[in-house]
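Engineer: Would you be able to build a 3D model of this:
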Amino acid sequence: MDSNFVFLTPESVTSLPPVDPVEEMSSFELTRYSKVLKELEARKIAALNLYEPLPYQEAYHACRAKEVIIQKATQTGGSLAGFVEVARAICGVDPYLKYPKKDGIAVCLGYGEKHVGRVIHKYLFRAGAFRIIKDNVTTQWRTFRPWDPGVLIMGKPGDAGREEESRPAPPLIPARFIKGKIAWEKRAEHVFSYVQFINGWELHAANSAGESSQAQGFQVDLYDIDEDLATPHWHEEATSRTAIRKGKIRWHALPHSKTEDLMNMIYRAEEEEQAGVELSKRVTVRIIATMYDNPYYPEESRRDNERIWKSHGEDVFRKRALGEIVTDTILMYPTFNLRIHDALRSDTGVPRALEILRVTDGHPPPDWTRYMVVDPGHTICAVGFFATPPPELGDVRIMYDELYLHQCDKHMFVKNVKAKINDEPFEDFIIDMHGANIRELGSGILPRRQYEQEMEKQGIVCAARGSRFKAGSDDIKGREEKLREWLALRDDGYPTFFVVKQRCPGFIKEIARFKKKIIKIGGREVPSDDGVRKMTHAVEAAEYSAADGLPYVKPQHNRRGWSMIDRILKERKLRAQEREMRHWDPSKSGRSLGPRGVSVA
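Structural biologist: Residues are numbered from 1 along each chain as shown. Here you go, the predicted structure:
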């Protein structure tokens, strides 16, 4: 054996002096080693690793629905949850695997250009989305919890009183993920439009107050909207962009209700909630976050803000502190409430008529008076079916069914009405004469007359006037007031008007969204007394009903239809009216509504 060879035993190895690898490194290796150590330290405090979601934030991240909205109060952490969701998707670390690991596309939509720079860029690419601190026990960095005093009796002090030791968390998306350069709109103000990342993901920033629509022709995996929209219809674009990739729409906003997009999303979520759809099967999910759900909110600030917001009015407090949709002051019919106006409500002591309806599943008995009220139109024709019980059962009116017909002509109208009426006796037919008296340019025949002729062919008649319609009240203010009286609670604790909600979804949707026009007075936006009558067809049918009163008249069950004599007399009267109309002098009275100067009073 070579005398220079030394055999090392385990005992001799442990007795050798330790070798510091740094001492053996070249200057180049030492520089690289130093960078690696810094990078490892930086990754230990990566914001996405240290983020500790609150319960409602975790529910938001875990939800796999197509669209989720955080309906939040002021300063509850809703925006933080939203941008953490974006950062997790882009960095490929979403724990619920809702997004592709690479080559994805995200869009962040902000309320105005400044929102992109001050909010979106700040949350995603600058430090301070939340604060972190070194734990007193583990000495490891974690989320700062200023409300936590710790368990002092066990020698584990918490974070209360240690604000000076905390520091801003690093950016949610580390700089190392960015590939190339950010595409700036206004670099000095951090307003950007596009960022590409090393894993193939792309991020587009958009401004809802700027261009009228998002660029066409690309698909999106995550469409994130922060706060309300400056202009409408962006949600329609988000739905289209996320279709092919089965992407997600995420929204976090204080419910200002400036545009219908936000309100419609909340309404869709409410409809699924009320229908009892399982959470895992819902398309739209709403998560509510109040001021009291955020432990980071200083108690002193919470008390001060409560007092200040309440001084501005209860609606301001409810919106700012509770995240509620405050529509009481802007809705045309704020007293409508399904818990009150549900015709099939289950509580005891209700008017006798409602007890009977529970037994008949909302169908009026044969001795109740029925009315049909029509708000005509080709785009949407709304038909309300109403019933008045005998007076001894209570002074109530029931909207028990509806038709909500799209692209409606006379044949569709009569076919659907005949199926609904089912040979039941009706006392009267009421129609909006303004819409019904606008002549067709081709035939010059009134839509009302077309409906009447087709109804007569099909034997659809009422006791009061055969197949003819009674004109609904054209006093808009008067009929609005009458419907409000029907909706108001009387001395007995019940309203006059009830609706069978299962069969009247169009009416319920319309009345919940029927808002007043907002006008500016002295630079301040205030609601006027006039309603925005866009999608209010079924509500207007209810207004005509309230204005008419729908009195009780004992039904004539033995009348199958009008006799031949009735028809002849009615036709003679109608022809006389039409002859009189042809010889009317437009210069003396009436207004021109048709070709060749034909006038209608």
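Engineer: thinking Ala205 is in contact with Ala106, fair?
Structural biologist: No. Counting by Cβ atoms under 8 Å, Ala205 sits too far from Ala106 to count as a contact (9.7 Å). In short, each C-beta sits where N, CA and C put it, glycine included.
Engineer: What's the mean pLDDT across stretch 274-288?
Structural biologist: Mean pLDDT, computed over stretch 274-288, is 91.
Engineer: what about Val93, which helix or strand?
Structural biologist: Val93 is part of no helix or strand, with elements assigned from DSSP states H and E.
Engineer: and it, how many residues sit next to it?
Structural biologist: Neighbourhood size, Val93 [other Cβ atoms under 10 Å]: 13.
Engineer: State the distance from the residue lying closest to Asn199 once chain neighbours are set aside to Asp224.
Structural biologist: Excluding its sequence neighbours, the residue lying closest to Asn199 (Cβ to Cβ, 6 or more residues apart in numbering) is Lys102, at 4.3 Å. Computed as Cβ to Cβ, to the nearest Å, the Lys102 to Asp224 distance reads 19 Å.
Engineer: between those two, who's got more neighbours?
Structural biologist: Neighbour count, other Cβ under 10 Å: between Lys102 and Asp224, Asp224 has more, with 23 against 11.
Engineer: Surely that one forms part of a helix?
Structural biologist: No. Under DSSP: H, G, I helix; E, B strand; the rest coil, Asp224 sits outside any helix and is assigned strand.
Engineer: So it sits against Cys108, correct?
Structural biologist: Yes. Contact criterion Cβ under 8 Å: Asp224 and Cys108 qualify, at 5.0 Å.
Engineer: Give the residues shared as contacts by the two.
Structural biologist: Listed as contacting both Asp224 and Cys108 by Cβ atoms under 8 Å, 6 or more residues apart in numbering are Val86.
Engineer: can you give me the helices for the stretch 451-600 of the chain?
Structural biologist: 476-487, 505-513, 537-548, 564-582 (DSSP state H, counting those that start in this stretch).
Engineer: In contact with the closest residue to Pro551 other than its chain neighbours, which residues?
Structural biologist: Spatial nearest neighbour of Pro551, excluding adjacent residues (Cβ to Cβ, 6+ apart): Thr388 at 6.8 Å. Counting by Cβ under 8 Å, 6+ apart, Thr388 touches 368-369, 371, 396-398, 550-552.
Engineer: Phi and psi next, for Thr388.
Structural biologist: The phi/psi pair for Thr388 (degrees, to the nearest 10) reads phi -120, psi 120.
Engineer: From Glu273, how far off is it?
Structural biologist: Thr388 is 33 Å from Glu273, by Cβ to Cβ.
Engineer: cool, and Leu403?
Structural biologist: Counting by Cβ to Cβ, the separation of Leu403 from Glu273 is 26 Å.
Engineer: can you check Asp224 too?
Structural biologist: To Glu273, Asp224 is 23 Å away according to Cβ to Cβ.
Engineer: try Tyr494
Structural biologist: Distance, Tyr494 to Glu273, by Cβ to Cβ: 26 Å.
Engineer: Neighbour count for those two, which is higher?
Structural biologist: Tyr494 (19 against 14).
Engineer: who are the neighbours in contact with the nearest residue to the more buried one once chain neighbours are set aside?
Structural biologist: Once flanking residues are discounted, Tyr494 sits nearest to Pro351: 5.9 Å by Cβ to Cβ, 6+ apart. Neighbouring residues of Pro351 by Cβ under 8 Å, 6+ apart: 393-396, 492, 494.
Engineer: can you pull out the helices in the stretch 301-450 of the chain?
Structural biologist: Ranges of helices in the stretch 301-450 of the chain, per DSSP H, counting those that start in this stretch, are 314-322, 338-341, 352-360, 410-421, 433-436, 447-457.
Engineer: So which of these has the densest surroundings on average?
Structural biologist: helix 447-457 (a mean of 19; mean count of other Cβ atoms under 10 Å).
Engineer: quick check: angle from that one to helix 410-421?
Structural biologist: Orientation check (axes from the mean of the first three to the mean of the last three Cα atoms, to 10 degrees): helix 447-457 against helix 410-421 gives 60 degrees.
Engineer: For helix 447-457, name the packing helices and strands.
Structural biologist: Applying 3 or more Cβ pairs under 8 Å, 6 or more residues apart in numbering; DSSP states H and E, one finds that helix 447-457 contacts helix 410-421, helix 433-436.
Engineer: what's the least confident stretch among the helices of the stretch 301-450 of the chain?
Structural biologist: With a mean of 66, helix 433-436 has the lowest mean pLDDT of the helices of the stretch 301-450 of the chain.
Engineer: Distance of the residue nearest to Ala62 when sequence neighbours are not counted relative to Gly161?
Structural biologist: Excluding the flanking residues, the one nearest Ala62 by Cβ to Cβ, 6+ apart is Tyr96, at 5.7 Å. Going from Tyr96 to Gly161 by Cβ to Cβ gives 36 Å.
Engineer: Near the closest residue to Ile244 other than its chain neighbours, how many other residues are there?
Structural biologist: In this structure, Ile244 finds its nearest non-sequential neighbour in Gln219, 4.6 Å apart by Cβ to Cβ, 6+ apart. Around Gln219 there are 14 other residues, counting by other Cβ under 10 Å.
Engineer: go on, Asp474?
Structural biologist: Count around Asp474 with other Cβ under 10 Å applied: 12.
Engineer: quick one: contacts for it?
Structural biologist: Contacts of Asp474 (Cβ under 8 Å, 6+ apart): 433-434.
Engineer: so what are the domain limits for the chain?
Structural biologist: Residue ranges for the domains of the chain, per automatic domain parsing: 52-293, 338-562, 565-601.
Engineer: rank these by pLDDT, which is bottom?
Structural biologist: Across these, domain 565-601 gives the lowest mean pLDDT, at a mean of 55.
Engineer: what comes up buried for stretch 191-201?
Structural biologist: 191-192, 195-197, 201 (16 or more other Cβ atoms under 10 Å).
Engineer: Can you list which of those are found in strands?
Structural biologist: The members of the buried residues of stretch 191-201 that map onto strands under DSSP state E are 191-192, 195-197.
Engineer: Tell me the one of those residues nearest Ala576?
Structural biologist: Within those, proximity to Ala576 (Cβ to Cβ) peaks at Val191, which comes in at 72.2 Å.
Engineer: Okay, and the beta partners of the closest one?
Structural biologist: Beta bridges link Val191 to Lys186, judged by DSSP bridges.
Engineer: mind checking how far it is from Gly110?
Structural biologist: Using Cβ to Cβ, which is the criterion applied here, Val191 is 10 Å from Gly110.
Engineer: Report the set of residues contacting both of these two.
Structural biologist: Common neighbours of Val191 and Gly110 (Cβ under 8 Å, 6+ apart) are 116, 205.
Engineer: hang on, Cys190 packs against His115?
Structural biologist: Slight slip there: residue 190 is His, not Cys. No. The criterion here is Cβ under 8 Å, and His190 misses it with His115 at 10.9 Å.
Engineer: Residues in contact with stretch 272-292: which ones?
Structural biologist: With Cβ under 8 Å, 6+ apart, stretch 272-292 has contacts from 56, 59-60, 63-78, 265-266, 268-270, 297, 302, 305, 320-323.
Engineer: are any of those buried, and which?
Structural biologist: Buried among these (16+ other Cβ under 10 Å): 56, 59-60, 63, 65-78, 265-266, 268-269, 297, 305, 320-323.
Engineer: quick one, phi psi at Glu300?
Structural biologist: As for Glu300, its main-chain torsions (degrees, to the nearest 10) stand at phi -60, psi -40.
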